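> This is a predicted model, with the sequence first.
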Amino acid sequence: MGLNPQQLVGATHRDGPLLILAGAGSGKTKVITTRIAWLIAEQHVSGRSILALTFTNKAAREMKERVFGLLPKKSGKGLTVGTFHAFCVQLLRSKIGLLGYREKFSIFDSSDRMHLITDIMKDLKIDLEILPPDKVAWKISDAKNALIHPGREAEEWFGDALLASIYRHYQSTLKGFNIVDFDDLLMLAVDLFAVAGEEMALHVSRWRYLLVDEYQDTNQAQYKLLRCLTRDHDNICVVGDDDQSIYAWRGADISNILNFEKDFPGTVVIRLEQNYRSTGNILRAANSVIAHNTARKGKNLWTSGVNGDPVRIIPTSDETDEAESIVSEILTIRREDRASFADMAIVFRTNFQTRPFEELFAAQGIPYEVIGGTKFFDRREVKDIVCYLRLMANRHDEIALLRIINRPKRGIGTQTIEKIVQWAEKHTMHLYDVMLDADHVDTMDDNTRYKIGVFCELVEEYAKKLLSARSMVPVVREIVHASGYEEELLREAGGDADKFQKSQRWLQELYTSIQLYEADEDVERHDLFGYLERISLLVDDKSEDKERRRDAVTLMTMHSCKGLEFPYVFVSGVEEGNIPHTHSIEAGTVEEERRLFYVAMTRAMKRLYLTWAAERRRYGESSDCEPSRFIDEIDPACIEWISPGSTRSAESVDLVEAFERMRQQRGG
DNA sequence: CAGCAGGGCGTTTTT
DNA sequence: CGCCCTGCTG
C-alpha cells in the first residue's frame, strides 16, 4: 500500500480511540482512506457502520472517491461520508419533529439571516447604528456554536439583555417559519440527543466507526455531537494538526484536539511528521515561520526529498504591478517547466484581492478559476429564482416571499406589503396565508387583491407542477417565463443585449445545476426539497466536473486553500496589515494569522513565491505597505529576493533602491 | 407605485 | 472605487 510505519499503524488500528497528529502534507487523507478501505476489505466491517465527517464538501467528495478507488466495486456500500452540516441535515430530516419543527424545513443562508435580524431589530426599535446587524448575526452564530440557547442562558452568556432578546425573537421567528439557519443544523442535531437520548442512540447505532478530518477545527457543537455519537462505543479516529487551526474566529476550539486523549481514555496517538509534498526549502521556510508560535504542540516536519528552489520573494510597486509580475512568472514557468495552468495557484488573505488578477487574466486570456468569492447562488438572477423555489417549497419562508413578492414588478409595492404585514401581525398569521386570503383584508382595494391573487395562483400552480413533474428543469424555465421575470430582465437591460445575455447565462447555469442534481445517482429521491437542501449546503458552485475539465490557474483565499496542493504557489499581498491582518493584530490573534500563512506556504510542492506591494489601493484610496513580519521570520538561508525589474520591464528607480536597502537590512 | 439620482459606506477569513 | 439603499419626483 506504500505506507510508512506510522501511517500503517494508523490505517490498521482496529478498535478504540485514535488520534492522528498529522503535519501538512504528511499523507493524512491517505491514512484515513486506507483505513476505511482496510476496515471494509480486511476486517469485514460493513460500509454501513462507518461514518466519516469532514468540513467541506470538497473534502468529502475527495475522500469518497479515494476510498472507492481502493475498494472492489460495491463493497463500500452504505458508507457515509459527508460534512458535519450535511450529516446533521440528514439527522434532522427524519427527527426534527422531536423539536417541534415540521419535517420539511428550509435552510437559511447568511444573507437571509442578516435580513431577518435587521427586520427584527427594526421591530424592536433598536438603533442599527449603535448595534450593527452583522455584529448581532455574528454573536448569535457564536452562541449557537457554543450551544447556548435563547433565554436566560443566552443573557448570561452575552452579558447583554438586548442581544439575548434579539436572539430570542430571531430564533422563535425561524421556528415559526419552519426554517433553520446554518448554525442550527449543528445545535439542533445536538438538541435531538438531549430531548430523546434513547431514540437517537438507536437511530445512530448503525455507525460503529467514526472518522473525523480536520479535528483541530471542530467547535463546541461539533464536539458535543461526536460525544453523542460515541455514547455506546469509542471507535473514533480523529485527524488534525494544531498548526493548521485557522477557524478560531468561527468558534473552533483548539482544546478539542489538545484534550482528546483525556476525553477518550485509552487513545492511541500517532504522529505523522514526514512530509511528502514540498521540497526542503519550502518546508524549512514554513517550519521557521511556524516555530514563532508559542501555543503549539510542536513537531518536526521533515522530508527526504531534494532542497529544490529557494522560496522566491518578489517586491512590487502596487497591486497592478504585483498581478503583472505574477502573470509574467506564470507564463515563464509554463514555458520553461512545461507546467500547465492547473499546476499553479494564487493565494491571498482577503477575497477582494482577486480583482486585479481577474482583470489581467481576462485581458490576457489566461484561464482562471476563483474558489469561493462571490457565490453563484448569491447572483441576483439566480437568487431571485431560487427564492421562487423556496417559497414553493415552504410558503412560510417569508424572506423568500418578500424578496420576490414584487420581482418582477407586479404592482405589489411597499404600501401593500405593509398592509399585509400589519394584517398578519394583528391576526398572528403568516404573510402568505394573508395573501391567499386577501379578500378578507379590508384595508386594500380590489385591484390590489386581484394582483395578489394572480401572484398566489402562480405560486400554487407551479408548486404543484414542480412536485409532480418528472424533471424540474422545464418547470423552472416556465416559472422564469410565466412570472414575467424574463421580460423584466429584458426591460432592465434596456438596449444592452450583452447585459441581457449575461443574466440569461446565469439562469442557464441554474438550470444546469438542477439538471446535475437530478442526474446525481448518489441522491435517493430527487425533489424540490432535496435540491434546495443541496444548494444551501453548497459553498461554491463549482460542480464536480467543472474544476477538472479546465486547465486553469486557481485563485483563492488562504482559508479555502487548506487541504489542497499545487506545484507552484504564489502567496500574494504578503504585507503587514494584510497578513497578519490589521483586525487580528488589534485583536491579538497574530498566532492564528501565522498559522494561516503557514497553511498557505505548505500548499506548495515545487516552488513557492511570496509577493508584496509597496502601495495598495483600498476603497479607491491608496496607502503605503510594508512587507509582512512573517517574511522576516523565514530562515534567510532558504529564500531568494527577486529584484523588481527582473521578471519584466524595469520599474521605478525608487523601488529598486528601496528594495536594495531592504535586502541589505535583512541580509537576504 | 416606479424610476432615477445622489449619498453613504464597506472588506477578514466560511460550513 | 463600486454597490446598495434611500428619498425624491413623475
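Thanks, I have it.
> wait, what's in contact with residue A:576?
When contacts are counted by CB atoms under 8 Å, 6 or more residues apart in numbering, residue A:576 touches A:625-629. Bear in mind the C-beta positions are built from the backbone N, C-alpha and C, glycine included.
> for those, which one is nearest DNA strand B?
DNA strand B has its nearest neighbour among the contacts of residue A:576 in residue A:628, at 13.8 Å by CB to the nearest atom of the strand.
> contacts for the strand or helix carrying residue A:596?
According to DSSP states H and E, residue A:596 maps onto helix A:590-601. Among residues not part of helix A:590-601, those counted as contacts by CB under 8 Å, 6+ apart are A:24, A:243-246, A:248-249, A:282, A:285-286, A:289-290, A:292-295, A:311, A:347, A:349, A:558-559, A:561-562, A:569, A:571, A:574, A:579-581, A:584-585, A:608, A:628, A:630.
> Now a PyMOL select for only the buried ones of these.
Buried residues among the contacts of helix A:590-601 (16 or more other CB atoms under 10 Å), as a PyMOL selection:
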select buried, chain A and resi 24+243+244+245+246+248+282+285+286+289+290+293+311+347+349+558+559+561+562+569+571+574+579+580+581+584+608+628+630
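> Compare the contacts of residue A:576 and tell me which is most surrounded.
Highest neighbour count within these, by other CB atoms under 10 Å: residue A:628, with 23 neighbours.
> Just the pLDDT for the nearest residue to residue A:237 once chain neighbours are set aside.
Distances taken as CB to CB, 6 or more residues apart in numbering place residue A:18 nearest to residue A:237, at 4.1 Å, with adjacent residues excluded. pLDDT, the model's per-residue confidence, is 96 for residue A:18.
> which intervals of chain A have sub-threshold pLDDT?
Within chain A, the segments meeting pLDDT under 70 span A:1, A:373-375, A:494-496, A:539-549, A:644-668.
> for it, which strand is longest?
strand A:604-613 (DSSP state E).
> Among the contacts of residue A:576, name the ones in helices.
Counting by DSSP state H, the part of these found in helices is residue A:629.
> I'd like the contacts of residue A:576 laid out as TSV, including distance to DNA strand B.
Shown next, in TSV, are these (distance: CB to the nearest atom of the strand, whole Å):
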residue	distance to DNA strand B
A:625	15
A:626	18
A:627	19
A:628	14
A:629	16
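> what's the closest of the contacts of residue A:576 to residue A:31?
residue A:628 (33.2 Å; CB to CB).
> Say whether DNA strand B is contacted by the host helix or strand of residue A:363.
For residue A:363, the enclosing helix or strand under DSSP H and E is helix A:354-364. No: shown here: helix A:354-364 not in contact with DNA strand B (CB under 7 Å from any atom of the strand), separated by at least 8.0 Å.
> helices and strands around that helix, which ones?
Counting contacts by 3 or more CB pairs under 8 Å, 6 or more residues apart in numbering; DSSP states H and E, helix A:354-364 packs against helix A:319-336, strand A:368-370, strand A:553-557.
> Dump the ones you listed into CSV; add mean neighbour count as well.
Shown next, in CSV, are the helices and strands packed on helix A:354-364 (neighbours: other CB atoms under 10 Å):
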stretch, mean neighbour count
helix A:319-336, 19
strand A:368-370, 20
strand A:553-557, 23
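> Make TSV from the ones you listed and add distance to DNA strand B to it.
Shown next, in TSV, are the helices and strands packed on helix A:354-364 (distance: least, CB to the nearest atom of the strand, whole Å):
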stretch	distance to DNA strand B
helix A:319-336	12
strand A:368-370	10
strand A:553-557	4
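> Near residue A:601, how many other residues are there?
Neighbours of residue A:601 under the rule other CB under 10 Å: 26.
> Now intersect the contacts of helix A:590-601 with the strands, please.
Per DSSP E, the contacts of helix A:590-601 map to strands at A:311, A:347, A:569, A:571, A:608.
> ok, now how distant is the last one from DNA strand B?
If you measure residue A:608 against DNA strand B using CB to the nearest atom of the strand, to the nearest Å, the figure is 20 Å.
> same thing with the second one?
Applying CB to the nearest atom of the strand, one obtains 11 Å for the distance of residue A:347 from DNA strand B.
> wait, residue A:612 sits on residue A:570?
No: applying CB atoms under 8 Å, one finds residue A:612 not in contact with residue A:570, separated by 11.3 Å.
> Compare these two (neighbour count), which wins?
A count of neighbours by other CB under 10 Å puts residue A:570 above the other of residue A:612 and residue A:570, at 29 against 23.
> Can you give me every residue that contacts the more buried one?
A:326, A:329-330, A:344-347, A:609-611.
> helix or strand for residue A:389, which one?
Assigned by DSSP H and E, residue A:389 belongs to helix A:380-393.
> Output that helix as PDB, nothing but the C-alphas.
In PDB, the C-alpha atoms belonging to helix A:380-393 read as follows (Å, rounded to 0.1, in the frame of the first residue of the first chain):
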ATOM      1  CA  ARG A 380     -29.200  38.400  -8.200                       C
ATOM      2  CA  GLU A 381     -30.900  36.400 -11.000                       C
ATOM      3  CA  VAL A 382     -30.100  33.100  -9.500                       C
ATOM      4  CA  LYS A 383     -31.100  34.100  -6.000                       C
ATOM      5  CA  ASP A 384     -34.400  35.500  -7.200                       C
ATOM      6  CA  ILE A 385     -35.400  32.300  -8.900                       C
ATOM      7  CA  VAL A 386     -34.200  30.200  -6.000                       C
ATOM      8  CA  CYS A 387     -36.500  32.300  -3.800                       C
ATOM      9  CA  TYR A 388     -39.400  31.400  -6.000                       C
ATOM     10  CA  LEU A 389     -38.500  27.800  -5.500                       C
ATOM     11  CA  ARG A 390     -38.000  28.300  -1.800                       C
ATOM     12  CA  LEU A 391     -41.400  29.800  -1.400                       C
ATOM     13  CA  MET A 392     -43.000  27.000  -3.400                       C
ATOM     14  CA  ALA A 393     -41.200  24.500  -1.100                       C
END
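> gap between the residue of the stretch 101-250 of chain A found nearest DNA strand B and residue A:259?
Going by CB to the nearest atom of the strand, DNA strand B is nearest to residue A:249 of the stretch 101-250 of chain A, at 4.0 Å. In this view, residue A:249 and residue A:259 are 20 Å apart by CB to CB, to the nearest Å.
> could you say which helix or strand contains residue A:474?
Using DSSP H and E, the element containing residue A:474 is helix A:472-482.
> can you pull the buried residues of that helix?
Applying 16+ other CB under 10 Å to helix A:472-482 flags A:472-473, A:475-477, A:479-480 as buried.
> Stretch A:261-281 too?
Here stretch A:261-281 shows A:263-264, A:267, A:270-272, A:274-275, A:277-281 as buried, counting by 16+ other CB under 10 Å.
> Pick the one among the residues you listed closest to DNA strand B.
Of all these, DNA strand B sits closest to residue A:277, with 21.2 Å by CB to the nearest atom of the strand.
> where does the closest one land in three-state SS?
coil (DSSP: H, G, I helix; E, B strand; the rest coil).
> How about the contacts made by it?
A:24-25, A:565, A:602, A:605.
> Including distance to residue A:463, could the residues you listed go into JSON lines?
Shown next, in JSON lines, are those (distance: CB to CB, whole Å):
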{"residue": "A:24", "distance to residue A:463": "49"}
{"residue": "A:25", "distance to residue A:463": "50"}
{"residue": "A:565", "distance to residue A:463": "46"}
{"residue": "A:602", "distance to residue A:463": "49"}
{"residue": "A:605", "distance to residue A:463": "51"}
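> Alright, that wraps it up for me.
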